[in-house]
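1. How does the following fold in three dimensions:
(chains A and B)
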Amino acid sequence: MSTVATSQIKLTPEHARPRASVRSRLQDALPKIVLAPSFAITIVFVYGFILWTIYLSFTNSKTFPSYVITGSRAYQRLWGWTFDTDPPSSWYTSITNMGIFGFLYIFICLALGLFLAILLDQKIRGEGVLRPIYLYPMALSFIVTGVAWKWFLDPGLGLEQTLHQWGWTSFHFDWIKNKDFVIYTVVIAGVWQASGFIMAMFLAGLRGIDGEIMKAAQIDGATTFQLYRRIVIPLLRPIFLSAFIVLAHLAIKSYDLVVALTSGGPGGSAWLPSNFMYEYTFKRNEMAVGSASAVIMLMTIVAIIVPYLYSELREKPQ
Amino acid sequence: MSAVATPVRQTAGGVNVKTINRIVIYGLLALFALFYLMPLFVMLVTSFKTMEEIQNGNMLALPQAPTFEPWIKAWSEVCSGLTCVGMKGYFWNSIKMVVPAVIISTLLGALNGYVLTKWRFRGATLVFGLMLFACFIPFQSVLLPMATILGSLGRFGVKLQNATGFTFGFGNPTVNLVFVHVVYGIGFTTLFFRNYYEAFPNELVKAAQIDGASFFQIFRRIMLPNSLPIIVVTVIYQFTNIWNDFLFASAYAGSGDVMPMTVALNNVVNTSTGVVEYNVNMAAAMIAALPTLLVYVLAGRYFVRGLMAGAVKG
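-> Numbering: from 1, shown residues only, chains lettered A, B, ... in the order given. Next up, the predicted model:
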């Protein structure tokens, strides 16, 4: 690709002249000039702002930003709260929830997505109807998803009430109001929203597998189960990686769903780090602590994304 | 590999294993279809019921006397906090935010993708890598500095207003949100167009160059007319993301009559004054969901492709 570009420039007649005119030099620089604003915006508003946030996390900013560096007190407080379990600190709750939510959300979405994709790949009549049904939740906002599930899981109105009316009066399901279980309702709603999309990713992967390999394995007498376990699923490895990246990134960013579904849960028991950051920065006037928690979130994402992006961009020889 | 033929085996009783397999597979698929449809179904039927029916009836039952009252109320009367003017104003706020943000970010993405693939220069991959990483950052890490900057832009707007009588959009929450969504959207739009143009034949660009076509002429006459699929993908992706955004909206336009739809909906649902009218809440949620659902129904194929382009390398 780069060789083509260089030869393009050589072909440009003006370039061959000994003294390039201002106009032609401008022409040569034009692509960079066009790209420059976007790049500058990214540098300032992404990387500059990240540095700014890191800076704020080392000050003692409260309601308003302060620019006097006062050391790592915000991080020390977060570190202290990490082990503050009785009663659990908000930070402890947030990171524990992140662990529970992150693990279950990613694991269930992957498992369910793969399962549905394999089922749909069995020459199903009506696939064209089923696929969009599994996938539409991805088009909804977290807020709408949260509102719908809040209603559905409400003990007095939703599922519990319905089953009582149908005669199963001992049925009890109040997770959404229970501080120990509320995070699992976030998992349910999150899985409902994203699993169809993961299914679509796996389905695309399955359709890309060479049919000959499958036929060969079948002739060798492999059962369907063996076929999938030994051949198909190993071939889907790149999809697992992409899906994992998408889900991990969605999980760490999840903020809206917790707000809409649980309003933070009883006593903030459904908080994720993103909710912690928002509350401490904008509502509790602990800007430095909020910034420190944002930095920790960012570091987590960096640890996951940077190796991935690096390998993606390096792999293609240009 | 669409054809994974299930091996046919007859059991002793003569029952075809394959038939049982098919029944199980279709049963499971139908069950999951119910799981995905249930919340939408409940939302939809509830929004057409009267409050009386909701309190006494079954959540899953169809409305006995369907009424549009909740929808009308949600559109023009429902209370968000203390103001009761319905969702219509917030709906337009969202439209006014989404349309310019989508157009600007898509256009910039197209230009960036064009430069990054057809006018490569040293360091282009690094530039792209830096822009790509910006797609993945948790927005919490830029939320506060952006709030500070938007605050000072607002003060600048007030000064301008005093001096000239116009704010020129400085400090206007909708303008702010358009700006924010463009800034944090160009990473994605650039990614889409870059991957698409990568596969676009260089020979065409080269031939046009020999014929004396300029940078912008090539873009306008050759690239753009051949970009319809990726434009559709990008527009849908950006539209859905920006319409559904809650974090930026609540941080920079979180109260008053400037709220976008998502924030307003959240406020409506959490407004606890008086009797909670679930049917109206559900109608409001449906109104908030309709534009993106409509896009999904009309152009589902492109919608999926956009989501995938962000995940799988193109």
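2. C-alpha only now, for contacts and for neighbours.
-> Noted.
3. and stretch B:65-74, what's its mean pLDDT?
-> Averaging pLDDT along stretch B:65-74 yields 86.
4. swap in stretch B:231-241?
-> 89.
5. contacting residues for A:V34?
-> B:111-112, B:115 (C-alpha atoms under 8 Å, 6 or more residues apart in numbering or on different chains).
6. And for B:L44, the neighbour number?
-> Number of residues near B:L44 (other C-alpha atoms under 10 Å in any protein chain shown) recorded here: 19.
7. same thing with A:W79?
-> So A:W79, with other C-alpha under 10 Å, has 13 neighbours.
8. Equivalent analysis for B:V102, please.
-> Counted with other C-alpha under 10 Å, the neighbours of B:V102 add up to 26.
9. In contact with it, which residues?
-> B:182, B:235, B:238-239.
10. mind redoing it with 10 Å?
-> Each residue near B:V102 by C-alpha atoms under 10 Å, 6 or more residues apart in numbering or on different chains is listed here: B:178, B:181-182, B:185-186, B:189, B:234-243.
11. Likewise for B:T190?
-> Here B:T190 is in contact with A:38, B:105-114, B:116, B:128, B:131-132, B:196, B:234 (criterion: C-alpha under 10 Å, 6+ apart).
12. which stretches of the chain have low pLDDT?
-> This is for chain A. A:1-20, A:315-318 (pLDDT under 70).
13. Not quite, go with chain B.
-> Looking at chain B by pLDDT under 70, you get B:1-15, B:272-274, B:309-314.
14. Name the nearest residue to the residue nearest to the spatial centre of it, ignoring sequence neighbours.
-> In chain B, the residue lying closest to the centroid (C-alpha atoms, centre = their mean) is B:T240, at 1.1 Å. In space, and not counting its chain neighbours, B:T240 is closest to B:T292: 5.8 Å by C-alpha to C-alpha, 6 or more residues apart in numbering or on different chains.
15. Pull out the buried residues from the helix or strand encompassing the one you found.
-> In this assignment (DSSP states H and E), B:T292 forms part of helix B:278-309. Burial within helix B:278-309, assessed by neighbour count using 16 or more other C-alpha atoms under 10 Å in any protein chain shown, is assigned to B:278-289, B:291-293, B:295-296, B:300, B:302-309.
16. same question, stretch B:147-157
-> For stretch B:147-157, by 16+ other C-alpha under 10 Å, it's B:150-151, B:153-154, B:157.
17. Is it positioned near chain A?
-> Yes - against chain A, stretch B:147-157 shows contacts by C-alpha under 10 Å from any C-alpha of the partner chain at B:T148.
18. just stretch B:38-58 next, same as before
-> Yes - interface with chain A: stretch B:38-58 contributes B:38-44, B:54-55, B:57-58 (C-alpha under 10 Å from any C-alpha).
19. Could you identify the buried members of the residues you listed?
-> Buried among the residues of stretch B:38-58 next to chain A (16+ other C-alpha under 10 Å): B:38-44, B:54, B:57-58.
20. Which members of the residues you listed define the maximum pairwise distance?
-> Based on C-alpha to C-alpha, the longest span within these runs between B:L40 and B:G57 and measures 18.0 Å.
21. re earlier: columns secondary structure and distance to B:N226 on top of the buried residues of stretch B:147-157, output as a markdown table?
-> Listed next are the buried residues of stretch B:147-157 as a markdown table, based on DSSP: H, G, I helix; E, B strand; the rest coil; distance: C-alpha to C-alpha, whole Å:
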| residue | secondary structure | distance to B:N226 |
| --- | --- | --- |
| B:L150 | helix | 38 |
| B:G151 | helix | 42 |
| B:L153 | helix | 39 |
| B:G154 | helix | 41 |
| B:G157 | helix | 41 |
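22. For A:N285, state which of the residues you listed is nearest.
-> B:G151 (16.8 Å).
23. from memory that closest one sits against B:G171, does it?
-> Yes - shown here, B:G151 and B:G171 form a contact pair, counting by C-alpha atoms under 10 Å, at 7.3 Å.
24. Show the contacting residues for the residue nearest in space to the middle of chain A.
-> By C-alpha atoms, centre = their mean, the mean C-alpha position of chain A lies nearest to A:L250, the distance being 1.6 Å. Residues counted as contacts of A:L250 (C-alpha under 10 Å, 6+ apart) are A:102, A:105-106, A:190, A:194, A:244, B:136, B:138.
25. what about B:L62, how many neighbours?
-> Neighbour tally, B:L62, other C-alpha under 10 Å: 16.
26. That one in helix, strand or coil?
-> coil (DSSP: H, G, I helix; E, B strand; the rest coil).
27. Verify the contact between it and B:M43 for me.
-> No - B:L62 is beyond contact range of B:M43, at 11.2 Å (criterion: C-alpha under 10 Å).
28. Common neighbours of the two, please.
-> Counting by C-alpha under 10 Å, 6+ apart, nothing touches both B:L62 and B:M43.
29. and chain B, what are its domains?
-> For chain B, automatic domain parsing gives the domain ranges B:17-67, B:80-309.
30. Can you tell me which of those domains is packed in deepest?
-> domain B:80-309 (a mean of 19; mean count of other C-alpha atoms under 10 Å in any protein chain shown).
31. From A:V259, how far off is the residue nearest to B:T240?
-> 21 Å (C-alpha to C-alpha, to the nearest Å).
32. the strands in the stretch 1-150 of chain B, which residues?
-> Under the criterion DSSP state E, counting those that start in this stretch, strands of the stretch 1-150 of chain B are mapped to B:79-80, B:83-84.
33. Those: which one's closest to chain A?
-> strand B:79-80 (14.5 Å; C-alpha to the nearest C-alpha).
34. can you count the residues close to whichever residue of the stretch 151-300 of chain A sits closest to chain B?
-> Taking C-alpha to the nearest C-alpha, chain B has its nearest neighbour within the stretch 151-300 of chain A at A:G211, 4.5 Å off. Residues within reach of A:G211, counting by other C-alpha under 10 Å, total 14.
35. Then A:V22?
-> Quick note: A:V22 (other C-alpha under 10 Å) scores 9 neighbours.
36. Equivalent analysis for A:A40, please.
-> 11.
37. contacting residues for it?
-> Counted by C-alpha under 10 Å, 6+ apart, A:A40 has contacts A:V46.
38. Report the contact partners of the closest residue to B:P145 other than its chain neighbours.
-> In space, and not counting its chain neighbours, B:P145 is closest to A:F49: 5.8 Å by C-alpha to C-alpha, 6+ apart. Taking C-alpha under 10 Å, 6+ apart as the contact definition, A:F49 lies against A:42-43, A:55, B:141-146.
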